[in-house]
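Asker: prediction below, plus the sequence it came from.
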Amino acid sequence: EWGRRMKECGALLSAILRVVHPGMYEAGKTSLSRMSADPSIAAALHTWPTVFNNVQIISNRATPFHRDTSGIPPWYDMLITLGAYGRAELVLRNLGIQLGYKPGTISPICSLILHHGVGKVRGDRLCYSWYMSEAVHRNFGVPDVSYMRADYYSD
């Protein structure tokens, strides 16, 4: 049921990924397609809402500075923050920047490279962290993708 209710949001996230990293989007589609050939997984994938193959849900807690290690350096995680809460900042420590993190913010970040975190906030905050697993891609024979380059968009 959850997957069905997330379809619209998942379609938006997949579309954002298709723009910010088309190669990763295609790799995600390939991964899901190959996974769907496995009968033990196919039923769950019928309602899976995005091209990402994993999600982590963080509720009402600070996230200490960290790097996520499930992917590879060129990949983006898609962070979505929701709720009714006061001021929050997504801090990218190794870049030395702090970004406003209002409810409804969608942030694609290279989470294996960027040391990131969010402090405690007042109110109710939920973060969906959508990502792809290198192990899943490797298991299903999906080739790695390289870094997104600006010249991809030039003629």
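Answerer: Sure thing, it's come through.

Asker: what lies in contact with stretch 12-31?
Answerer: Judged by Cβ atoms under 8 Å, 6 or more residues apart in numbering, the contacts made with stretch 12-31 from elsewhere in the structure are 49-53, 74-76, 78, 80, 106, 108, 130, 132, 136-137, 140, 142-146, 148, 152. C-beta: built from backbone N, CA, C; applies to glycine.

Asker: now residue 141. Nearest residue, chain neighbours left out?
Answerer: Nearest in space to residue 141, with sequence neighbours left out and distances taken as Cβ to Cβ, 6 or more residues apart in numbering, is residue 34 at 6.8 Å.

Asker: against residue 108, how distant is that neighbour?
Answerer: 24 Å (Cβ to Cβ, to the nearest Å).

Asker: then residue 51?
Answerer: For residue 51, the distance to residue 108 equals 13 Å [Cβ to Cβ].

Asker: higher neighbour count, those two?
Answerer: residue 51 (24 against 19; other Cβ atoms under 10 Å).

Asker: now that one. Its backbone dihedrals?
Answerer: According to degrees, to the nearest 10, the main-chain angles of residue 51 amount to phi -80, psi -10.

Asker: and what of the one 10 residues further on?
Answerer: Listed backbone geometry of residue 61 is phi -150, psi 150, with angles given as degrees, to the nearest 10.

Asker: over to the one 10 residues further on?
Answerer: Reported as degrees, to the nearest 10, the phi and psi values for residue 71 are phi -100, psi -160.

Asker: so it versus residue 136, what's the distance?
Answerer: The separation that residue 71 has from residue 136, given Cβ to Cβ, amounts to 10 Å.
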